[in-house]
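Peer 1: structure for this input, please:
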Amino acid sequence: MALPRLAVALLLVAAHAAAALRAPTLMRHRMAVRTARAPRPALSFSDAAATPPPEGMELCDSEDVEDQCMLPMGVTVPRAWVDTLRIGLCFATWFFLNVQYNLCNKQVQNVFPMPWTMTVVSLFVGIPYVLFMWASGLRKPPKINEGGWKKLFPIGVFHAAGHASAVIALGAGAVSFAQIVKAGEPVFTCLLSYLVLGQVFSPAVYATLVPIVGGVALASLKELSFTWKALAGAMMSNLAFASRAVYSKAQMQEPVGENLGAANLYGILTIVAFVLSMPFFLYYELPGFQAAWQTAVAAKGMPWMIRMMFLDGLYYYAYNEVAFFTLSQVNPITHAIGNTVKRVAIIATTVIVFRNPVSKQSIIGATTAIVGALLYSLAKAQDSKKK
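Peer 2: Next up, the predicted model:
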């Protein structure tokens, strides 16, 4: 039971991470003076410039001025240390939750091959949490403008399609293979950006698509656990998520409501995706649900199935909450490196846990595709700087 409690704790930490930055226990102040003796009240830099320094104190040079954080135990450290530690913990939490979600989802689908059921459950688990956050006032509830749903609904459609396709890919083949194929999402992003937005990137960006396409193709040719269903699912997920990103950029230039930060927007999309996914579950899997459930329970037991399906949804929602917060705190280059490390962590962990056979050619292809995805993100970041 340690992992469920840890997952709940990590989700609550993610929910309050932004608020914690301004908590009274972590007081930020600008140190414009220093003393070799007893501590003195700090002055702002502007105040210090206009006020003679008291006896025993001297003004800092501009190079000496640092942002400081006073920790709860009364220790003062450079704010950069605290920020680095905080971001590092956020990345570690994001990676942990993402890896756990992939492991959990695959373990369940190995005995319960019902991807639409897993899609609906993983989306549903996060809904009571976000509704509680809104109802309790811990997070300001979103207010959608008139006509705002017309823009949000298509994004929810793409979100539902992308998540469902990814779950189908996870169930149909090795998790590592699905992650390799999903590294090819930039190809769809570039294509759709041109077709929908008329956006043209620099030659450097397009050049990075070559190792991505080549790496995915190389890995697919010698993938020992290759299935067409896994490949199609991962490719459809790429198309859906790239469509979500491009459509959002085209339609969300102006606010569609109030209190629509990343976390609240993700909560809305989760609810929309759940509602849209339910008919597919009812049509494709409800008739065979009882038989599949009884087989899975006979193999693993009822408590294991319920616990793992709940954790699957909890990890899925939690890792997205943490990811949104973490990526909002870093620059695009750190974002790109973080995404790359995350994908490598998932591939390595799942290969070890599930003991998937991996050919040398698949390793070379995976490495090529992942490095290509990293170079693509870095090239786009450079494009953005020039603009």
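
Peer 1: phi, psi of the spatially closest residue to residue 147 that is not a sequence neighbour?
Peer 2: Distances taken as CB to CB, 6 or more residues apart in numbering place residue 256 nearest to residue 147, at 7.6 Å, with adjacent residues excluded. To be clear about C-beta, it is placed using only N, CA and C from the backbone, and glycine gets the same treatment. Main-chain torsions, residue 256, degrees, to the nearest 10: phi -110, psi 10.

Peer 1: per-residue pLDDT, residue 256?
Peer 2: pLDDT recorded at residue 256 is 84.

Peer 1: I'd assumed residue 143 was in contact with it.
Peer 2: No. In this structure, residue 256 is not within contact of residue 143 by CB atoms under 8 Å, at 9.8 Å.

Peer 1: higher neighbour count, those two?
Peer 2: Neighbours were counted for residue 256 and for residue 143 using other CB atoms under 10 Å; residue 256 has more, 21 against 12.

Peer 1: any stretches of the stretch 251-387 of the chain with poor pLDDT?
Peer 2: Within the stretch 251-387 of the chain, the segments meeting pLDDT under 70 span 332, 387.

Peer 1: that one: helices as residue ranges?
Peer 2: Along the stretch 251-387 of the chain, counting by DSSP state H, counting those that start in this stretch, helices occupy 262-284, 286-300, 302-328, 332-354, 360-386.

Peer 1: among these, show me which one is buried the most.
Peer 2: Among the helices of the stretch 251-387 of the chain, the stretch with the highest mean neighbour count (mean count of other CB atoms under 10 Å) is helix 302-328, at a mean of 21.

Peer 1: so what's the most centrally placed residue in the chain up against?
Peer 2: The centroid of the chain falls nearest to residue 323 when counting by CA atoms, centre = their mean (3.3 Å). Residue 323 is in contact with 94, 98, counting by CB atoms under 8 Å, 6 or more residues apart in numbering.

Peer 1: at 10 Å what do you get?
Peer 2: 14, 90-91, 93-95, 97-98, 262, 266, 335, 338-339, 342 (CB atoms under 10 Å, 6 or more residues apart in numbering).

Peer 1: state the distance from it to residue 381.
Peer 2: Distance, residue 323 to residue 381, using CB to CB, to the nearest Å: 18 Å.

Peer 1: and if you look at residue 343?
Peer 2: Residue 343 is 18 Å from residue 381, by CB to CB.

Peer 1: how about the strands in the stretch 1-150 of the chain?
Peer 2: 27-31, 33-35, 57-59, 66-70, 76-78, 143-144 (DSSP state E, counting those that start in this stretch).

Peer 1: and the pLDDT at the residue lying closest to residue 252 once chain neighbours are set aside?
Peer 2: Computed as CB to CB, 6+ apart, the closest residue to residue 252 that is not its neighbour in sequence is residue 151, at 6.6 Å. With respect to pLDDT, residue 151 scores 89.

Peer 1: swap in residue 165?
Peer 2: pLDDT for residue 165: 96.

Peer 1: wait, isn't it in contact with residue 233?
Peer 2: Yes. With contact defined as CB atoms under 10 Å, residue 165 counts as touching residue 233 (4.9 Å).

Peer 1: please enumerate the shared neighbours of the two.
Peer 2: Common neighbours of residue 165 and residue 233 (CB under 10 Å, 6+ apart) are 115, 178, 182.

Peer 1: I figured the second one was touching residue 106, is that so?
Peer 2: Okay, so that is residue 178. Yes. Counting by CB under 10 Å, residue 178 does reach residue 106; the two are 9.3 Å apart.

Peer 1: which one of those two has more residues nearby?
Peer 2: Legend: neighbour count by other CB under 10 Å for residue 178 and residue 106, higher for residue 178 (27 against 19).

Peer 1: contacts only, for the more buried one.
Peer 2: Contacts of residue 178 (CB under 10 Å, 6+ apart): 102, 106, 165-172, 230-231, 233-234, 237, 346-347, 350.

Peer 1: could you report the separation of it from residue 235?
Peer 2: Taking CB to CB, one finds residue 178 at 10 Å from residue 235.

Peer 1: tell me the pLDDT of the residue lying closest to residue 242 once chain neighbours are set aside.
Peer 2: Once flanking residues are discounted, residue 242 sits nearest to residue 188: 3.7 Å by CB to CB, 6+ apart. The score at residue 188 is 91. That number is its pLDDT.

Peer 1: from residue 210, how far off is the nearest residue to residue 118 once chain neighbours are set aside?
Peer 2: Distances taken as CB to CB, 6+ apart place residue 167 nearest to residue 118, at 5.3 Å, with adjacent residues excluded. Per CB to CB, residue 167 is found 30 Å from residue 210.

Peer 1: higher neighbour count, those two?
Peer 2: Higher neighbour count among residue 167 and residue 210: residue 167, with 28 against 12, using other CB under 10 Å.

Peer 1: run a quick neighbour tally on residue 134.
Peer 2: That count, for residue 134 with other CB under 10 Å as the rule, works out to 16.

Peer 1: ok, now which ones touch the residue lying closest to it once chain neighbours are set aside?
Peer 2: Using CB to CB, 6+ apart and skipping residues adjacent in sequence, the residue nearest residue 134 is residue 141, 3.9 Å away. Contact analysis of residue 141 by CB under 10 Å, 6+ apart lists 130, 131, 133, 134, 135, 258, 259, 264, 267.

Peer 1: tell me the contacts of the fourth one?
Peer 2: If you count contacts by CB under 10 Å, 6+ apart, residue 134 has them with 140, 141, 142, 259, 264, 267.
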